[in-house]
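In: Test case, fold it:
(chains A, B, C and D)
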Protein chains: 2
Amino acid sequence: MAKAQSNTEEKIKDAARKLFVEKGFGNATTRDIAECADTNIALVNYYFRSKENLFQEVFQESFAHTFLPVARILNDDLPLEVKIYKFVDHMTEMLKRDPMMPLFVLSEMRGEHSQMCRIMLESGALESNSFQEQLNREAAKGAIRAADALQVETSLMSMVLFPFLSMNILKMKHQMDDEAFTRFVDSRKKIIPEMTLAYLRQREG
Amino acid sequence: MAKAQSNTEEKIKDAARKLFVEKGFGNATTRDIAECADTNIALVNYYFRSKENLFQEVFQESFAHTFLPVARILNDDLPLEVKIYKFVDHMTEMLKRDPMMPLFVLSEMRGEHSQMCRIMLESGALESNSFQEQLNREAAKGAIRAADALQVETSLMSMVLFPFLSMNILKMKHQMDDEAFTRFVDSRKKIIPEMTLAYLRQREG
DNA sequence: ATTTTAATTAATCAAACGTTTAAAAATTTA
DNA sequence: TAAATTTTTAAACGTTTGATTAATTAAAAT
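Out: Numbering: from 1, shown residues only, chains lettered A, B, ... in the order given. A predicted model of the protein is given here:
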């Protein structure tokens, strides 16, 4: 970090990232962002042509650097059990650092922000289906039942992401502080793989 | 339904429900709602004192009538296996009728809309922990492992709700039309209970 | 029939929004 | 140092927002 490019552009990006994730695109105003970045609104449109443009630059970067690398673990070349534990662990740790990100992404997916969808698809376009192939191999060996990779992926994603999506409700309803919530999601690092593997290893009904 | 109270007030409520869920509170304007209800903006503030007020009335009603009754199934007096299948089935069917509702609820949970949190808590305040007691009884019998009800509830909720939360991404990434998405969530009616029960019936590691 | 109340309309309000301008200050280049 | 370029500032732009007004029509009550 010798570069120390702590210029206004980066400060605006940081403020935008924070406020977009916190309040959503529509509710975070240019004036909010400028004030949070300790500058004025004209500079926001000087460095980025528009609020829309700023949003896309910030999001594309953030998404590509945090979520995608973890999501790709399911296509890594690892033994099934190791892979599932690693996926849940890495995803959980990533989310602990950026807990509001999933809700932000899904929220902005509604309506006219289809360019955001485009970004997500382009990022993950060159995706292989090696996870399905792995499940097929294991099933052929008799190690697990036959299973649809998309269903397994969805279940894993669900169980890891959802507690963060519903964090506010969860903490409020069960009087959790930040520490208790962390304990809750940490203990899921064991439960989620166990649940997934128990299903896969079970004979089909 | 003999009442046929198809007055302006109800038309506004319907329009508001539709637009709030579709675009969120901040992006659905009073003019949108008025136009969609085939009236003018003054009547929106005539029947409801403000947009904020309209939002709360509509949401409280919608939430209490659709989500809560299904969520309470986990505290019904039913055998464990029957209960889990019933919960997943009813929740899925409810969501198929109102697929954007979960994302709407979670989105509005961010930031200053804390009154929404209050509504949710008041609605589910008188909740028993009979599900935990049931799990304890089953564990004492040796039928299942010891399990934290909150973790099981969270996993069930996760796996049912998340596909709807991420519906747009899911459909886009895997080129699903509405029919394919319905097939996808329908087949989860079997997978989710199987996964949950496989975990519960597994000896602890 | 007349009064009173409820419902509806068109027009307008101030505030906040994203964006732009034109001029000043700071920095880089020659 | 002088010229050219980049960065920053304060002020304003035209729209859109939620909300309100005052006048008009419809309905209910007496």
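In: Show me the domain layout of chain A.
Out: A:1-49, A:50-201 (automatic domain parsing).
In: And chain B, is the first one touching that?
Out: The one in question is domain A:1-49. Yes. Judged by CB under 8 Å from any CB of the partner chain, domain A:1-49 comes into contact with chain B at A:22-24, A:26-27. The way it works is simple: take the backbone N, C-alpha and C, and place the C-beta from them, glycine included.
In: Of the domains of chain A, which shows the lowest average pLDDT?
Out: Of all the domains of chain A, the minimum mean pLDDT falls on domain A:1-49 (a mean of 87).
In: Just want the most central residue of chain A.
Out: In chain A, the residue lying closest to the centroid (CA atoms, centre = their mean) is A:Phe67, at 4.3 Å.
In: any idea how far that residue is from chain B?
Out: 11 Å (CB to the nearest CB, to the nearest Å).
In: list the contacts for the closest residue to A:Arg201 other than its chain neighbours?
Out: Nearest residue to A:Arg201 in three dimensions, chain neighbours excluded: A:Ile144, at 5.7 Å (CB to CB, 6 or more residues apart in numbering or on different chains). Applying CB atoms under 8 Å, 6 or more residues apart in numbering or on different chains, we find A:Ile144 in contact with A:80, A:135, A:138, A:200-201.
In: List buried residues within the residues you listed.
Out: By neighbour count, with 16 or more other CB atoms under 10 Å in any protein chain shown, these hold A:80, A:135, A:138, A:200 as buried.
In: three-state assignment of the residue nearest to A:Arg201?
Out: coil (DSSP: H, G, I helix; E, B strand; the rest coil).
In: quick check: angle from the lengthiest helix in chain A to helix B:178-201?
Out: For chain A, the longest helix by residue count, based on DSSP state H, is helix A:178-201. If you take axes from the mean of the first three to the mean of the last three CA atoms, to 10 degrees, helix A:178-201 sits at 100 degrees to helix B:178-201.
In: Tell me which other helices or strands helix A:178-201 touches.
Out: Counting contacts by 3 or more CB pairs under 8 Å, 6 or more residues apart in numbering or on different chains; DSSP states H and E, helix A:178-201 packs against helix A:80-97, helix A:149-165, helix A:167-173, helix B:149-165, helix B:178-201.
In: In PDB, list the C-alpha atoms belonging to that helix.
Out: Provided in PDB are the C-alpha atoms of helix A:178-201 (Å, rounded to 0.1, in the frame of the first residue of the first chain):
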ATOM      1  CA  ASP A 178     -23.100  -8.500  17.200                       C
ATOM      2  CA  GLU A 179     -21.200 -11.100  19.200                       C
ATOM      3  CA  ALA A 180     -24.100 -13.400  19.500                       C
ATOM      4  CA  PHE A 181     -24.800 -13.100  15.800                       C
ATOM      5  CA  THR A 182     -21.200 -14.000  15.000                       C
ATOM      6  CA  ARG A 183     -21.500 -17.100  17.300                       C
ATOM      7  CA  PHE A 184     -24.700 -18.000  15.500                       C
ATOM      8  CA  VAL A 185     -23.200 -17.900  12.000                       C
ATOM      9  CA  ASP A 186     -20.000 -19.500  13.200                       C
ATOM     10  CA  SER A 187     -21.800 -22.500  14.500                       C
ATOM     11  CA  ARG A 188     -23.500 -22.900  11.200                       C
ATOM     12  CA  LYS A 189     -20.100 -23.500   9.600                       C
ATOM     13  CA  LYS A 190     -20.400 -27.000  11.000                       C
ATOM     14  CA  ILE A 191     -24.200 -27.500  10.700                       C
ATOM     15  CA  ILE A 192     -24.500 -26.500   7.000                       C
ATOM     16  CA  PRO A 193     -21.900 -29.000   5.700                       C
ATOM     17  CA  GLU A 194     -23.200 -31.700   8.000                       C
ATOM     18  CA  MET A 195     -26.800 -31.100   6.700                       C
ATOM     19  CA  THR A 196     -25.700 -31.100   3.100                       C
ATOM     20  CA  LEU A 197     -23.500 -34.200   3.400                       C
ATOM     21  CA  ALA A 198     -26.100 -36.100   5.500                       C
ATOM     22  CA  TYR A 199     -28.500 -35.500   2.600                       C
ATOM     23  CA  LEU A 200     -26.000 -36.500  -0.100                       C
ATOM     24  CA  ARG A 201     -24.900 -39.700   1.700                       C
END
